[in-house]
Structure formats: structure tokens, C-alpha cells
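Participant: Pasted the sequence and its predicted model underneath.
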Amino acid sequence: MESDFTKKANLVVEKLKENLQSIRTGLVTPALVENIIVETYGGQTKLKLLELSAITTAGPQTLVIAPFDPSTIKDIEKALISANLGSSPSTQNNQIFLKFPPLSEEQREKLAKIVNQLVEEARQKIRALRDDFRKSIKISFEKKEITEDEKFRKEKEIDLETQKINQTIEAIKTKKINEILNI
């Protein structure tokens with residue numbers, strides 16, 4: 001039962017990490033754009049930008065997107081514009097350049113708030129998960145499937161695991177906010 005809890009809780013943490021990757025820090029990274037969905041080939045196909053191109057950085061403020069198929073450039077540009085990234089794409093030699101302006105103090109504070117919001121959502125999911133597992137332990141005890149000692153031991157294990165996961169989430173949050181706020 002505890003291993004199920006740990007697996008499910010780790011999925012919440014991984015999803016949080018994935019969501020935080022798309023939040024810009026002082027330095028741009030390919031993770032900012034790689035999950036943008038691009039409608040291409042006449043609207044026939046929807047693919048992530050990562051599946052359509054190589055994405056690299058050219059300095060701290062610029063991303064270079066090199067489509068595998070040059071016929072998809074216009075579709076990629078359209079998707080980048082509609083993603084509202086705060087940067088306009090420019091195309092040169094079958095490559096798309098995205099130059100991002102430095103973040104203002106106000107933008108940094110907004111991004112930090114978004115990080116806090118995503119972290120709080122993850123914590124709520126962990127709490128709900130913990131509560132569900134504690135309920136199932138209580139039901140097992142009431143059905144006499146486990147002893148009182150086992151009930152307390154399992155509850156304590158889940159509480160300890162929850163503490164560990166919350167510490168991990170806090171560390172992830174601190175790291176991301178430092179990346180955003182430090183110029």
C-alpha cells in the first residue's frame with residue numbers, strides 16, 4: 001500500500017517538475033517551447049514542437065528552432081505566435097529565432113506567483129492522496145483485515161512519506177524561484 005502511495009505521489013512531483021519547466025527564468029531553455037502543439041500538414045497533424053524540430057539555445061536570451069521538415073516553418077511560426085511567449089519569431093535560412101527580452105522585476109514576481117500556485121496545487125494533490133490512503137487503512141482496520149498496530153504503523157509510514165515528498169516539493173519550489181528572481 002505504501003509503495004502505491006509513493007508511486008502516485010512521485011507522479012504528482014514529476015508533473016510539477018514538467019509544469020515548472022515551461023516557466024521562464026532569467027535564461028531561456030528549450031523546455032519553454034518544446035511542448036507547444038503545432039498544427040501542421042494542412043491541419044492534418046498536431047505534434048509537439050519537440051517532435052517537429054531541433055531546439056537549441058544561442059546565448060542566454062535566444063532560442064533557435066530548426067525544423068526537420070522546412071515545409072513546417074510557417075505552421076511552427078503560427079503556433080509560436082499564438083503561444084503568447086512575449087517574443088516574436090524571425091526566420092532565417094530555414095531556422096526560426098526567438099529572442100526574449102530580459103525579464104522585468106514585475107514579470108519575475110508574476111512568474112514566482114505562478115510557481116507558488118503550481119506548488120500549492122501539487123501539495124493539495126499530495127494531501128488528497130494521503131487522505132485517501134489513510135481512509136483505506138481505516139477501512140481495512142474496521143473490516144478486521146489488519147490489526148491496530150498495523151494500522152498505526154501504516155499511517156505513520158504514509159505520514160513520513162508525505163513529509164519527505166513535501167520537502168522535495170519545497171526544494172523544487174525554492175530552486176525555481178531562485179532561478180526566476182536572480183538575474
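Facilitator: Yes, it's here.
Participant: low pLDDT regions in the chain?
Facilitator: 1-2, 183 (pLDDT under 70).
Participant: In it, which helix is the longest?
Facilitator: What stands out as the longest helix in the chain, according to DSSP state H, is helix 105-142.
Participant: how's the protein carved up into domains?
Facilitator: Residue ranges for each domain of the chain read 2-20+104-181, 27-99, as given by automatic domain parsing.
Participant: Now the terminal residues of the last one, how far apart.
Facilitator: In terms of C-alpha to C-alpha, to the nearest Å, the two terminal residues of domain 27-99 are separated by 11 Å.
Participant: Ramachandran coordinates for the residue sitting furthest away from the middle of the chain?
Facilitator: Of all residues in the chain, residue 144 has its C-alpha farthest from the mean position, at 41.4 Å, by C-alpha atoms, centre = their mean. Phi and psi for residue 144, reported as degrees, to the nearest 10, are phi 60, psi 30.
Participant: how much space between it and residue 150?
Facilitator: Residue 144 sits 11 Å away from residue 150, going by C-beta to C-beta, to the nearest Å. The way it works is simple: take the backbone N, C-alpha and C, and place the C-beta from them, glycine included.
Participant: same deal with residue 121?
Facilitator: Applying C-beta to C-beta, the value for residue 121 to residue 150 is 32 Å.
Participant: what about the strands in this structure?
Facilitator: Taking DSSP state E to define them, one finds strands in the chain at 37-40, 45-48, 53-57, 62-67, 89-92, 95-99.
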